[in-house]
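Colleague: model the structure of this input:
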Amino acid sequence: MQYTLTLSRWHKVAERIDAALKEREADVKTAFNATTISPWNKEGVEEKAAEIARRGADDLALIEVGAQAVARIRTALGIRNAELGVSAKLADAESAKRAAALYKAIIEGQKADMVRPESVRALPAGLPGEADTFGFGRRTAAVITLQIANAALVGSLREKLAREQALATRLLDEIADLNREKLEIDVPQEVIGIAGLAV
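Modeller: Residues are numbered from 1 along each chain as shown. Down below sits the predicted model:
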């Protein structure tokens, strides 16, 4: 059956089918590989086994058709995404977000108790360290965190952070707009129910 949905909706349909297939896969494996009985429970075992085999075969057939449907949907999405440039925009957005995260970590990592390298010589030699965490009354040696990033670098990182965040936001908005594009795909009748599509 032909359906025309947005790209973002097709992604959700493929995920929904995939999730349903994983559940069925577990059931099929259990049916064919792990069906057990107690030695005292022999009554009607042939009928129960036949029913389990029938359900297992039905699920197996659905899994085969469903896997092909997911592949068809993802292939169509991949082709359309390439035509629209979604993959390139997504890669650029991820790159911008990664750069922004690094800049933000450096900026937020600057603490008031950091010491500029040129100021280390002015510190007293016997700075007290931290108290022993085990309560033995000993103190650890003092540790000084150097402020390697100067004000100019931090200022430039703030500008870069704002630029990369704006770029990532713009690209993700463009991708969201492109994902509203419609695409027609044929979905097998057997899969419509687990795909959550209207008949």
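
Colleague: what residues sit buried inside the helix or strand hosting residue 75?
Modeller: Taking DSSP states H and E as the definition, one finds residue 75 inside helix 45-84. Going by neighbour count (16 or more other Cβ atoms under 10 Å), the buried part of helix 45-84 is 56, 59-60, 62-63, 65-66, 69-70, 73, 76-77, 80-81, 84. C-beta: built from backbone N, CA, C; applies to glycine.

Colleague: ok, so of those residues, who is nearest residue 187?
Modeller: Closest approach to residue 187 among those (Cβ to Cβ): residue 69, at 5.9 Å.

Colleague: for the closest one, list the residues it contacts.
Modeller: Neighbouring residues of residue 69 by Cβ atoms under 8 Å, 6 or more residues apart in numbering: 17, 187-188, 191, 195.

Colleague: can you turn the buried part of those residues into a PyMOL selection?
Modeller: To isolate the buried members of the contacts of residue 69 in PyMOL, using 16+ other Cβ under 10 Å:
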select buried, resi 17+187+191+195
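
Colleague: could I get the contacts of residue 69 as JSON lines with secondary structure?
Modeller: Below are those laid out as JSON lines (DSSP: H, G, I helix; E, B strand; the rest coil):
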{"residue": "17", "secondary structure": "helix"}
{"residue": "187", "secondary structure": "coil"}
{"residue": "188", "secondary structure": "coil"}
{"residue": "191", "secondary structure": "helix"}
{"residue": "195", "secondary structure": "helix"}
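
Colleague: need the contacts of residue 69 in TSV (columns: distance to residue 95).
Modeller: Shown next, in TSV, are the contacts of residue 69 (distance: Cβ to Cβ, whole Å):
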residue	distance to residue 95
17	31
187	35
188	38
191	36
195	33
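
Colleague: could you dump the contacts of residue 69 to TSV with pLDDT and distance to residue 42?
Modeller: Listed next are those as TSV, based on pLDDT from 0 to 100; distance: Cβ to Cβ, whole Å:
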residue	pLDDT	distance to residue 42
17	97	39
187	96	44
188	95	40
191	95	38
195	95	41
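
Colleague: and the two most separated of the contacts of residue 69?
Modeller: 17 and 188 (10.2 Å).
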